[in-house]
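Peer 1: how does the following fold in three dimensions:
(one chain, ligands or ions: 2)
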Amino acid sequence: MIRKGRAIFVDTPTHARDYVGDGLSCSNCHLDAGRRPNAAPLWAAWVRYPRYRSKNKHVNTFTERLQGCFKYSMNGKVPPADAAVLVALQAYAYWLATGAPTGADLPGAGFSKQGFKPPQPPDYTRGQKVFQEQCALCHGDDGQGQRVAGRYVFPPLWGADSFNWGAGMQQLDNAATFIKANMPFSRGGTLSDQAAWDVAYFMNSHERPQDPRFTGSVVETRKQYHATSMSLYGVEVNGHLLGSAPANPAPQ
Ligand code: HEC
Ligand code: HEC
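Peer 2: Ligands and ions are numbered 1, 2, ... in the order given. You can find the predicted model right below:
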């Protein structure tokens, strides 16, 4: 089950096909197969749950936390709590956390976004320049990633095959901290704080699949679920109201 969990984690579209609606794998964001500090590693996550989440305003079990990943980051379907996919992912996380103290917030947990602020407000035009110079080589000029034999070798940053508007990565602070620590790939830590925020702003100024909690109105959905300066959902950028023309999920 541990091996199965790892396989699901690093190639989610293949091993959890029924529950995935985009082109991503868990390990595209939780780097090094869920082991890398400051990329929300599984060993640190396991010992934090059950935990209160402001996102759904109750105490979440680890199972429920994983279900949320499928709904938002994977733009897919929520596996039932006893689905083999979830049991295997938990076995893998449990194993990675061997010996870790329970209930602890371990160094390297999550994305360490506390206190990471942009020197100046993030800017689209500056972010576009960072993207062209530092990201497009791998993620494509259009941010749609690159595939080999139908599989993404560089994941899409926005559009129909990327995470949806409900995912953690659409929040600017999560994206900026992730990018600062980990991108460009294998050269983490090389962007200035400002460049990381600017390019996070640029990335999240593009359409992606609709928030599954969509109420029928972008304004209302923003009010209920995105009432923070860290989300661009329902914000007008370059004359376009984000969330109003969401990218449709690609046919599977
Ligand atoms: C697009 C990037 C992305 C993908 C893909 C993704 N995640 Fe995450 N994940 C995040 C972000 C961002 C957070 C933190 C959200 C927050 O704190 O608001 C997170 C949080 C988590 C947590 C909680 C971490 C903690 O320390 O509390 C777990 C567990 C998790 N993800 C598992 C998964 C699994 C399993 C998959 C695949 C089925 C997955 N994630 C896919 C971005 C992603
Ligand atoms: C050398 C190639 C390369 C460059 C350059 C690069 N990335 Fe990535 N990026 C990757 C790879 C590969 C992954 C997936 C990592 C994995 O699966 O281990 C990734 C993952 C990501 C993810 C999480 C997955 C997703 O699709 O949302 C984001 C966000 C991201 N990159 C943003 C950026 C930004 C912004 C830049 C420019 C500052 C950048 N990357 C530059 C290769 C690259």
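
Peer 1: distance of the residue lying farthest from the centre of the chain relative to ligand 1?
Peer 2: Using CA atoms, centre = their mean, the residue of the chain lying farthest from its centre is residue 99. It sits 27.3 Å away. Applying CB to the nearest ligand atom, to the nearest Å, the value for residue 99 to ligand 1 is 17 Å. (C-beta placed from N, C-alpha, C; glycine too.)

Peer 1: tell me if the longest helix anywhere in the chain is near ligand 1.
Peer 2: Determined from DSSP state H, the single longest helix within the chain is helix 84-96. Yes - part of helix 84-96 sits near ligand 1 under the criterion CB under 6 Å from any ligand atom, namely residue 89.

Peer 1: please see if the next helix or strand after that helix touches ligand 2.
Peer 2: Downstream of helix 84-96, the next assigned helix or strand under DSSP states H and E is helix 124-134. Yes - using CB under 6 Å from any ligand atom, helix 124-134 reaches ligand 2 at 130, 134.

Peer 1: next SSE downstream of helix 124-134?
Peer 2: helix 136-139.

Peer 1: run through who's touching that following helix.
Peer 2: By CB atoms under 8 Å, 6 or more residues apart in numbering, the residues outside helix 136-139 that reach it are 143, 145-146, 154-157, 184-185.

Peer 1: near ligand 2, which of the residues you listed show up?
Peer 2: 154-157, 184-185.

Peer 1: need those residues in TSV (columns: secondary structure and pLDDT).
Peer 2: Formatted as TSV, these follow (DSSP: H, G, I helix; E, B strand; the rest coil; pLDDT from 0 to 100):
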residue	secondary structure	pLDDT
154	strand	98
155	coil	98
156	coil	98
157	coil	98
184	coil	98
185	coil	97
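
Peer 1: and those, which of them are buried?
Peer 2: Buried by 16 or more other CB atoms under 10 Å: 154-157, 184, out of these.

Peer 1: tell me which two in these are the farthest apart.
Peer 2: 156 and 184 (16.1 Å; CB to CB).

Peer 1: all set now, cheers.
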